[in-house]
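S.K.: Please find the sequence and the predicted model below.
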Amino acid sequence: MIMAAAKGTTRGRHSPAKAKLVRPRPIDGHVGGRVKLRRMMLGLSQHALARSLGVTFQQLQKNERGTNRIASSRLFDLSLALDVPIQFFFDEMPAEMAVTASGRSTGFARADAADAPDPLAKRETLELVRAFYRIKSPSVRQRVYGLAKALAGDMD
């Protein structure tokens with residue numbers, strides 16, 4: 001004889017009434033943006049990085065956008081795959097983001113909360129750096145560097 005499950009029960013460990021939706025916070029977007037920045041600096045595609053982490057391209061995409069939080073173990077794996085210390089993902093975090101809901105500082109806050117956005121995060125900067133390092137000749141690279149400094153008015 002087959003017994004029907006009682007109405008309103010679930011087979012999983014958590015009942016729907018107890019399920020808590022955890023929404024990403026701004027820090028999740030910042031960390032995801034730093035993952036994307038480093039991936040782009042290395043010239044890696046999302047597919048390549050996802051494959052090296054053993055996750056899907058879509059999962060990595062959600063992590064980079066801050067849609068899904070990044071677990072500590074995944075953050076550790078990312079630091080190894082992207083060859084950066086874990087602190088890299090929290091660097092340059094705006095001070096207002098580093099303050100918890102209770103109003104206490106997390107210790108990441110910088111002295112100047114009004115810092116300008118990081119110019120290294122711009123696509124044109126990344127493309128310029130990649131192009132610069134594709135120049136094979138060290139002497140030509142040095143001349144390009146000198147030209148850039150001269151155009152910027154930085155004649156040290």
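M.R.: Nice, I can see it.

S.K.: The lowest-mean-pLDDT helix or strand in the chain packs against which elements?
M.R.: Within the chain, no helix or strand scores below helix 123-134, which has a mean of 82 by mean pLDDT, DSSP states H and E. Other elements packing on helix 123-134 under the criterion 3 or more C-beta pairs under 8 Å, 6 or more residues apart in numbering; DSSP states H and E are helix 26-41, helix 138-152. Yep, even glycine has a C-beta here, placed from its N, CA and C like the rest.

S.K.: Report the buried residues of that helix.
M.R.: Leu126 (16 or more other C-beta atoms under 10 Å).

S.K.: angle of it against helix 138-152?
M.R.: Interaxial angle, helix 123-134 versus helix 138-152 (axes from the mean of the first three to the mean of the last three C-alpha atoms, to 10 degrees): 150 degrees.

S.K.: looking at the helices and strands packed on helix 123-134, which is buried most?
M.R.: helix 26-41 (a mean of 19; mean count of other C-beta atoms under 10 Å).

S.K.: Show me what that helix packs onto, helices and strands only.
M.R.: helix 57-65, helix 123-134.

S.K.: State the number of residues packed around the nearest residue to Ala50 once chain neighbours are set aside.
M.R.: Distance criterion C-beta to C-beta, 6 or more residues apart in numbering; nearest residue to Ala50, sequence neighbours excluded, is Leu60 at 4.1 Å. Counted with other C-beta atoms under 10 Å, residues neighbouring Leu60 total 27.

S.K.: quick revisit: any chance of JSON lines for the helices and strands packed on helix 123-134, columns mean pLDDT?
M.R.: Formatted as JSON lines, these follow (pLDDT from 0 to 100):
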{"stretch": "helix 26-41", "mean pLDDT": "90"}
{"stretch": "helix 138-152", "mean pLDDT": "90"}
